[in-house]
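1. how would this look folded up:
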Amino acid sequence: MIEDELPLSLRPAPAGNAALQSLVREDLTPYSVDDLAARIVALEGEVKRVRDTLESKKNRLSEAQALFSFKGS
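-> Below is the predicted model of the structure:
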């Protein structure tokens with residue numbers, strides 16, 4: 001069977017992504033409603049932090065490309 005066809009819980013974690021894969025695979029059934037709500041708040045905060053970092057990196061990349069792009073005459 002091809003790994004992409006396996007459910008997430010059975011797929012091997014890609015190198016360097018073990019923490020994220022562990023989070024995705026975690027069994028959520030033991031958590032209470034309050035715990036799950038708190039988890040959502042925390043994860044939404046993390047998504048915002050990642051998006052902000054991504055946007056910052058894109059801006060720096062654009063600035064670097066503009067700085068080093070030579071528009072000849």
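2. what segments of this structure are strands?
-> Per DSSP state E, the chain carries no strands over any range.
3. per-residue pLDDT, E46?
-> On pLDDT, E46 comes in at 94.
4. over to D34?
-> Looking at D34, its pLDDT is 98.
5. cool, and M1?
-> At M1, the model reports a pLDDT of 49.
6. one more: the one 3 residues further on?
-> With respect to pLDDT, D4 has a value of 67.
7. low-scoring stretches of this protein, by residue?
-> For the chain, the stretches with pLDDT under 70 are 1-4, 8-10, 12-15, 70-73.
8. let's see that with 90 instead.
-> Where the chain drops to pLDDT under 90, the residues are 1-25, 61-73.
9. and the helices in this structure?
-> Remark: helices assigned in the chain by DSSP state H are 18-25, 33-68.
10. now those helices in JSON lines, with mean neighbour count and distance to E5?
-> Heads up, the C-betas are built off the backbone N, CA and C, glycines and all. Formatted as JSON lines, those follow (neighbours: other C-beta atoms under 10 Å; distance: least, C-beta to C-beta, whole Å):
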{"stretch": "helix 18-25", "mean neighbour count": "12", "distance to E5": "16"}
{"stretch": "helix 33-68", "mean neighbour count": "10", "distance to E5": "27"}
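11. would you quantify the distance from A64 to D52?
-> For A64, the distance to D52 equals 19 Å [C-beta to C-beta, to the nearest Å].
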